[in-house]
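Undergrad: can't give you the sequence, but here's the structure:
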């Protein structure tokens, strides 16, 4: 917690850096690193671990880059381009690294635009345009536009982490493309560097500069040359992102690229996946924010009925005098069930289920949204939806959501759909490779039905969700990519492609080509158009500097050498100290039967499979909501991101970091550096859709690392705090001098590593444990009609006793018989959960504390008495880590009755058992502040004379460096 934050990366001397990089890479890599360090201000990341963290995106692929460059500004990007051209090193541009098909990985220099290249350069409210840098995240742009009543409407589900440059590279679409179109329909211009270093403005062809116009003329001539092929071979659907947009001169899209039929040359770059030019800025077309929305959630007894109904539902948007149909989105049964298992999503998804359809267990739901000037203007569309579903034989199938809050909550679940799907345990995971084939809406039901049969044929099943409004359903068959997955992927793709051709659709409808679908471009368009694409690439990038082997000369999709689990992938055998067996399972993709914990054949006994649950979706990169990841929010470094840590652990546990082998996997400095700034807040466990629990993984890491390297004096002072607290409290006046005398603070930093800039908690000679309030004995609370056990931790007991005293008074005022938890065998010390030992890498000592907790609290759990805690990190240790310490089933019984103070009050209030306490409450006479999860943020939740609702407390994370709760 006291390690310095690497807000600026130390820059090695160029010559020393050359030697180091050349030693681990090659001559060219050494020269590249040296020149980048000499000539730019950006961060130069060439270590094996840094390269490994950028070797993957949210796809199944992995390619080790030569190095990583994080530019400070556009000048750095231009200089890096010049250096790479001189050394003939390819460039792989990258934003959030959330691509599904391997677009942002490659064996070149990865340029990460997301840390610094994220400015809004201009907003013209009158013209409704914005000019942005490519690393800007969509949600961050929309947050700046909201005060102007504007937004950028290409609302991809990854809007909290997707960058505008990445969205342009993919020609992203989003949930509301039925109303607003794709990225290509909403970009007005682009400024980009060509491979020769020239900066070109791509915009209106008619008024373009000579250089840009020459490029446009070349592409126009190609379009004329291949006009007959374009007319025959080009998919006639809204969703088509394969190849290059040669049809800007001969439109084939059901929605014209421009409103007036003109040609905009920036559209040539949209969907090009960084293969033609390197973007400096984008000019975007903004839209007016919808003032009102209503949502109808249609429940279906069968998946086929949902697909068949989509074509009828879409017609409700035709001819609307006011407003428009803005979305028809699918959520299938698998996603519903997984959402119900996730505590963050379960309450929301329940609000969308109709009891009239399969007893509240629909096979699928469609989210049908209408937008307009006011709710009164569009409310009738929900009534029409209800009538339509009645006519289709499904009365009672529509859950109406008119209020904004429930709509927003449900859309958040839908946006997390892709990642929720990835939370399946076992080696089989939903794999992206045919997930966004687009077919005409009239054929959607037939297509999905036929594809489902293909999955069954190959021993798999698909998970479905997304854009029913435009015939693009994200479907991922569950495959084991460690074993036979690549062969099955190829076989399924072959049959899926025939279905796409049968129904005259597009094989690549939204998520791009990358390493996964590049080889299917020629299949889709034929050899003549594919050759035209190659000529476009050669004209703009004759030396193949930008993202080689993408779109042009792509690899085979099933080349396992390019995958995250390549041939020979092996996990290092490790005996973990915590029980990870729940992840060490096998799951049948068809029957959905999961084997018993510990049967998954993981040499790391489940730890490796728990780490591999991270699919690089980048959900941890968000800033505007949720709790993870605090250290990333401060540093913006991939290394200090939950995803970055998981990748580091995965690479180490599979022996993919040079120099690390066997027992070094969890004891190296490489892993320590990645784990160092994890504050153990558990924000990832709650917010990560795949359930990556980095806090628990850090406990595991610390145990192995400290066992090899030893514990520092600071480790021992932190770990043993509960044991010496009573003695230290007697010396409170002396110990508190450290905060008042700068010399002592500086010495504590020098000797112990405790920052002199940070004050330490104040000791008190009189504290809760030597001045307790009168409370009940163990026998009295066990016999009481309304008993409760208060678990008073070290911190609240010795440093903030007023909290513990207040808690006792509130519980007693509420009519409870209160017992303060004590050890079953009194030794003069208070009961401790062992949290400080866990945080210091002393798991065996923590287990001893846990055994004392079990012995003390189990009788109360047997009686169903609530065990209430004040400190989240301590109380949640009872609900989390204590369950994986090998102590049998007793901890689970305790965990079921362990509640935070605010959780307990909320539960009792909801049950109507706090009326007496409520009668004693008075309005506050000053603002009430709560400290949120993220450091330094205080939230004002109450004003003078304004009573505070109980529910407001239940959704607040109490401290950024302790466990978070919801």
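TA: Structure's in. What do you need? Only a predicted model underlies this, so the values are computations on that prediction, with no experimental measurement involved. Residues are numbered from 1 along each chain as shown.
Undergrad: any idea how far residue 146 is from residue 894?
TA: 46 Å (CB to CB, to the nearest Å). C-beta coordinates here come from the backbone N, C-alpha and C atoms, glycine included.
Undergrad: looking at the two, which one has more neighbours?
TA: residue 894 (23 against 11; other CB atoms under 10 Å).
Undergrad: wait, the more buried one touches residue 854, no?
TA: Yes: if you go by CB atoms under 8 Å, residue 894 and residue 854 touch, sitting 6.6 Å apart.
Undergrad: overlap in contacts, these two.
TA: Counting by CB atoms under 8 Å, 6 or more residues apart in numbering, the contacts common to residue 894 and residue 854 are residue 882.
Undergrad: tell me which helix or strand of the protein sits lowest on mean pLDDT?
TA: One helix or strand of the chain scores below all others by mean pLDDT, DSSP states H and E: helix 950-954, with a mean of 33.
Undergrad: in which helix or strand would I find residue 892?
TA: For residue 892, the host element (DSSP states H and E) is helix 890-895.
Undergrad: contacts for that helix next, please.
TA: Residues contacting helix 890-895 (CB under 8 Å, 6+ apart): 850, 853-854, 857-858, 861-862, 867, 878-880, 882-883, 885.
Undergrad: how about a cut-off of 7 Å?
TA: Residues external to helix 890-895 that are found in contact with it (CB atoms under 7 Å, 6 or more residues apart in numbering): 854, 857, 858, 861, 867, 878, 879, 882, 883.
Undergrad: ditto for stretch 338-355
TA: If you take CB under 7 Å, 6+ apart as the criterion, stretch 338-355 is touched by 297, 299, 336, 360, 362, 365, 396-397, 399, 406, 409-410, 413, 416, 420-421, 423, 686-687, 966.
Undergrad: I figured residue 76 hits residue 40, correct?
TA: Yes: counting by CB atoms under 7 Å, residue 76 touches residue 40, with 4.5 Å between them.
Undergrad: give me the most central residue, this protein.
TA: In the chain, the centroid-proximal residue (CA atoms, centre = their mean) is residue 619; its distance is 1.2 Å.
Undergrad: and that residue, what does it touch?
TA: Taking CB under 7 Å, 6+ apart, we find residue 619 in contact with 161, 419, 687, 688, 689.
Undergrad: run the last query once more with 8 Å
TA: For residue 619, the contacting residues are 158, 160, 161, 416, 419, 628, 687, 688, 689, by CB under 8 Å, 6+ apart.
Undergrad: same check on residue 314?
TA: 178, 325, 328, 441, 469.
Undergrad: so the second one sits in a helix?
TA: Just to be clear, that refers to residue 325. No: counting by DSSP: H, G, I helix; E, B strand; the rest coil, residue 325 is located in no helix; its state is strand.
Undergrad: I'd assumed residue 179 was in contact with it.
TA: Yes: counting by CB under 8 Å, residue 325 does reach residue 179; the two are 6.8 Å apart.
Undergrad: what's the overlap in contacts for the two?
TA: Common contacts of residue 325 and residue 179 (CB under 8 Å, 6+ apart): residue 317.
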